[in-house]
Each structure stands twice: as structure tokens, then as C-alpha cells.
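Visitor: Sequence plus predicted model, see below.
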Amino acid sequence: MIAGVQLVQTLGPLVDSRIYPVIIREHDDHTTPYIIYQTISTQAEVTNDGITGHEWVRMQIDVYHNDAYQCTLLANKVINAINDHIQPSIYDGQQQLYDQPSDLYRQSIDYEFGQTTPTT
């Protein structure tokens, strides 16, 4: 399954379905908390027969909240949910930031996932 689809299904309930790929757009619900995720890179599995449709994907998951402590708590719930429901996955760490343009706190979480993508 595609990693982004798995993230939406797994993390959506934590933020009332306010989970968005790449950016939050003007028409999206900006009520906090919300999550933005993006693919950083992929490494395809290739055999002598060609592309298999399996790959390792590195993703950044950003949790936004108007309260620093609540942002940290939600980020920990995100990590636990991924560890419990998405396999294979590797947690690569996190950092807390303050996003000045949005005036929100952000926990940036790095993960790597195995994913299968359609080849046709």
C-alpha cells in the first residue's frame, strides 16, 4: 500500500481527519491540531526483471498545534500509532520547532516506510 494512504488512515482519527499532503491549502480546515506529511525520497527495489513496485520511502510528518506541550503529546501519539499499525516502519527521530508564519508549534517527525506502488 502507498505510505501516504496508510498515514491518512492511521493518523486521521488523531486530528479529526485534518491531515494533508505537502501543504495546507487555503480551503483546508486550519483548525489545530493538524498534520502535514510529505515524501522526502524513495528507493525503489529493482531486479533483473525491472521495477518490482516495492520501495522504501522516507517521509516527514509535521504535527501543528497552538500549544507546545500539546504538540509534543500529539507527536508521541503519532509515533505510537505508526509503530502499532504501519509495518515495516523505522522511526528516525523528531524535533520541535516554532513556525513563525503560522504562529504554531510544530513537531517534525522523520520516518521510513516500506510501500508498494502500482506499476501500471
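Guide: Happy to help now that I have it. Numbers count the residues shown, from 1 in each chain.
Visitor: for the protein, longest helix please?
Guide: helix 68-85 (DSSP state H).
Visitor: can you list contacts of that helix?
Guide: Helix 68-85 is touched from outside by 6-7, 10-11, 14-15, 33, 35, 61, 63-65, 89, 91, 94, 96, 104-107, 109, 111, with contacts defined as Cβ atoms under 8 Å, 6 or more residues apart in numbering. Every C-beta, even on glycine, is put in place using the N, C-alpha and C of the backbone.
Visitor: What is the subsequent helix or strand relative to it?
Guide: strand 89-99 (DSSP states H and E).
Visitor: ok, and for stretch 65-80, which residues are buried?
Guide: Of the residues in stretch 65-80, H65, C71, T72, L74, A75, V78, I79 count as buried by neighbour count, 16 or more other Cβ atoms under 10 Å.
Visitor: want to throw those into TSV with pLDDT and distance to Q115?
Guide: Shown next, in TSV, are the buried residues of stretch 65-80 (pLDDT from 0 to 100; distance: Cβ to Cβ, whole Å):
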residue	pLDDT	distance to Q115
H65	97	27
C71	97	27
T72	96	28
L74	97	24
A75	97	22
V78	97	18
I79	97	19
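Visitor: Looking at the residues you listed, spot the one nearest N48.
Guide: I79 (37.7 Å; Cβ to Cβ).
Visitor: how close does the closest one get to T72?
Guide: 11 Å (Cβ to Cβ, to the nearest Å).
Visitor: same deal with T39?
Guide: Going from T39 to T72 by Cβ to Cβ gives 24 Å.
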